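1. The following block contains a protein sequence and its predicted model.
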Amino acid sequence: MTAARYRVKSYPTVLVLQKDGTEIDRIVGYYRAPEFMAKVEDYLAGRNTLASIAAQEADSAGSATYLSALADRYFEHGLSDDARARYLSVTRVDPKNASGLTDDALYSLARMSRKDKDYATARAYAQQILDKYRDSDAYKPAILELAGNWRRDGKLSNARRIYLDYAKRYPADEDAPWATEQADSCAARLKRGEGV
């Protein structure tokens, strides 16, 4: 399958290929026509490709902005181990989140761990956001990530408690009704004897 061959994880993904099928780079997501064409032209000229960005790593390894952008590109390319290593580097380079990217790196790490079904690790990354970055824009999503990973791990009582707390603390939030639905679902499953 072509998607598996090129490690396509998101849709839409447009691959820019050489004649022999070797990938030059890819465009992930939706772009307006002028932006899309500019990206294709850049890639064909060898500009802003993953390879050209990665080539700058030795000179830019101390920059959270650079490492975050590189991690995102590796992730788009389905290179999870490379992405994970760069996201972790962001957390080491900027532990105080001065760039505003460390919390995002932790959130990305949580999501990646969830997709790998490593729910304990996903919870640990989400919990770091909750413990260290209370003013972060990733704070509320981290709460839901924490609850969701408890639910996926079969710990329905823990998940239910967090979902209910979220809905109570943020009643005007757009995710509050969803959190309440998730709490109700956990309660119904617990009543049937599922989970703990």
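-> Right, received. Where do you want to start? Numbers count the residues shown, from 1 in each chain.

2. I'd like the distance from the most centrally placed residue in the chain to residue 81, if you could.
-> In the chain, the centroid-proximal residue (CA atoms, centre = their mean) is residue 108; its distance is 2.8 Å. For residue 108, the distance to residue 81 equals 13 Å [CB to CB, to the nearest Å]. No exception for glycine: its C-beta is placed from N, CA and C like everyone else's.

3. And residue 96, by the same measure?
-> 26 Å.

4. Buried residues, the lowest-mean-pLDDT helix or strand in the chain. List them.
-> Using mean pLDDT, DSSP states H and E, helix 2-5 stands out as the lowest-scoring helix or strand of the chain, at a mean of 80. For helix 2-5, a neighbour-count test (16 or more other CB atoms under 10 Å) marks nothing as buried.

5. Quick check: next helix or strand after it?
-> strand 13-17 (DSSP states H and E).

6. Give me the distance between the helix or strand that that following strand is followed by and the centre of its chain.
-> Counting by DSSP H and E, the next helix or strand C-terminal to strand 13-17 is strand 23-28. The chain centre lies 19 Å from the centre of strand 23-28; the measure is CA atoms, centre = their mean, to the nearest Å.

7. Pull strand 23-28 out as CSV, backbone CA atoms only.
-> Extracted C-alpha coordinates of strand 23-28, given in CSV (Å, rounded to 0.1, in the frame of the first residue of the first chain):
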residue,chain,number,x,y,z
GLU,A,23,10.2,11.5,-1.7
ILE,A,24,11.5,15.1,-1.8
ASP,A,25,9.0,16.2,0.8
ARG,A,26,5.3,16.3,1.7
ILE,A,27,2.6,18.8,2.3
VAL,A,28,0.3,17.8,5.2
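
8. how much does that strand deviate in direction from strand 13-17?
-> Here the directions of strand 23-28 and strand 13-17 differ by 160 degrees (axes from the mean of the first three to the mean of the last three CA atoms, to 10 degrees).

9. Give the other helices and strands that strand 23-28 contacts.
-> Using 3 or more CB pairs under 8 Å, 6 or more residues apart in numbering; DSSP states H and E as the contact test, the elements touching strand 23-28 are strand 13-17, helix 33-44.

10. Let's have these in JSON lines, adding mean pLDDT, distance to residue 104 and mean neighbour count.
-> Shown next, in JSON lines, are the helices and strands packed on strand 23-28 (pLDDT from 0 to 100; distance: least, CB to CB, whole Å; neighbours: other CB atoms under 10 Å):
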{"stretch": "strand 13-17", "mean pLDDT": "90", "distance to residue 104": "21", "mean neighbour count": "16"}
{"stretch": "helix 33-44", "mean pLDDT": "94", "distance to residue 104": "22", "mean neighbour count": "13"}
